[in-house]
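K.L.:
Can you look at this prediction? I've put the sequence above it.
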Amino acid sequence: MIELYNGASSALFDVVMAPFGHRFPLFDLLLWPVLMGIGALQVYKYVSNQKAIARVKSQISMRLLEIRLFSHDILQVLRSTGGILLRNGLYLGHNLLPLAVMIVPITALMVQLVAHYAYAPSPAGAVELLRVELDPRAGVSSRDVSLELPAGVALDAPGVRTADGQVFWRLRAEREGDHVLKVAVGGETYEKAWAVGGDPRKVPVKRLRSWEALLYPGEPALPAAGPLRSLELAAHTRPLRFLPEGEVGILLWTLVLSLVAGFSLKGLFGVTI
């Protein structure tokens with residue numbers, strides 16, 4: 001199910017994102033957050049109870065005015081404060097349904113923006129650490145894990161195996177390209193992509209399983225019943241000049257810009273938030 005979701009999400013966004021190439025991140029990192037804010041307004045307009053939200057906000061304003069007018073009356077202030085807390089709860093309740101409708105598309109958009117623009121390919125000549133984590137319930141030893149390298153990638157140091165089911169290989173990128181590393185374990189072979197040099201592009205970082213794989217759509221999720229829990233390579237943060245960089249930077253930028261766009265345009269679209 002996770003692999004199907006990630007595959008569908010990537011199939012869509014890999015087509016519509018970066019229409020001018022990945023060299024121009026500013027276009028997508030301005031356009032998509034604004035569209036996300038506009039889309040959220042449409043969901044609020046047609047899914048939420050707009051009249052009830054307006055009524056509750058008006059009642060909260062009235063209670064605030066009561067506190068200001070009757071500040072000398074402690075009992076009235078307490079009653080008005082209780083009314084505000086009650087109506088804040090109602091207000092939050094009216095927001096639950098539109099939030100539930102928006103959570104899936106918003107999450108998909110944000111993780112795709114991260115996948116496309118948070119990371120840069122490793123430079124040629126770079127030395128990176130490949131980390132393989134085994135599932136202890138699979139009954140597979142780290143001694144049973146082997147690595148096959150493609151042309152253009154060399155082993156920089158022998159593998160290190162730990163008692164808790166992890167294996168580390170230090171690898172050196174000898175030439176540019178989208179290399180495929182092959183990890184064999186339990187009679188199965190699992191692939192891990194490594195982007196080295198070349199133009200900016202969508203860079204795969206981790207292969208995970210379970211719900212965590214939803215956050216890294218650059219590669220297919222690992223099989224839920226397989227012996228591997230993760231395949232990871234160190235990521236290089238892509239510099240974006242005037243914009244926040246890395247996973248957290250892009251997520252915060254997208255969230256803040258979409259909120260600014262939504263609140264700025266709510267009057268134009270006739271939406272009460």
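P.N.:
In hand now; what should we look at?
K.L.:
Contacts only, for residue 64.
P.N.:
80, 84 (CB atoms under 8 Å, 6 or more residues apart in numbering). Heads up, the C-betas are built off the backbone N, CA and C, glycines and all.
K.L.:
Model confidence for it, exactly?
P.N.:
Residue 64 carries a pLDDT score of 89 in this model.
K.L.:
Could you say which helix or strand holds it?
P.N.:
helix 50-69 (DSSP states H and E).
K.L.:
hey, C-alpha coordinates of that helix in PDB?
P.N.:
Extracted in PDB, the C-alpha atoms of helix 50-69 (Å, rounded to 0.1, in the frame of the first residue of the first chain):
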ATOM      1  CA  GLN A  50     -18.800  28.300   7.400                       C
ATOM      2  CA  LYS A  51     -21.800  29.800   9.200                       C
ATOM      3  CA  ALA A  52     -21.000  27.900  12.400                       C
ATOM      4  CA  ILE A  53     -17.400  29.100  12.300                       C
ATOM      5  CA  ALA A  54     -18.400  32.700  11.800                       C
ATOM      6  CA  ARG A  55     -20.900  32.400  14.600                       C
ATOM      7  CA  VAL A  56     -18.400  30.900  17.100                       C
ATOM      8  CA  LYS A  57     -15.800  33.600  16.200                       C
ATOM      9  CA  SER A  58     -18.400  36.300  16.800                       C
ATOM     10  CA  GLN A  59     -19.300  34.800  20.200                       C
ATOM     11  CA  ILE A  60     -15.600  34.700  21.200                       C
ATOM     12  CA  SER A  61     -15.300  38.400  20.300                       C
ATOM     13  CA  MET A  62     -18.300  39.100  22.400                       C
ATOM     14  CA  ARG A  63     -16.800  37.300  25.400                       C
ATOM     15  CA  LEU A  64     -13.500  39.200  25.000                       C
ATOM     16  CA  LEU A  65     -15.500  42.500  24.900                       C
ATOM     17  CA  GLU A  66     -17.300  41.400  28.100                       C
ATOM     18  CA  ILE A  67     -13.900  40.900  29.900                       C
ATOM     19  CA  ARG A  68     -12.800  44.300  28.900                       C
ATOM     20  CA  LEU A  69     -16.100  46.100  29.900                       C
END
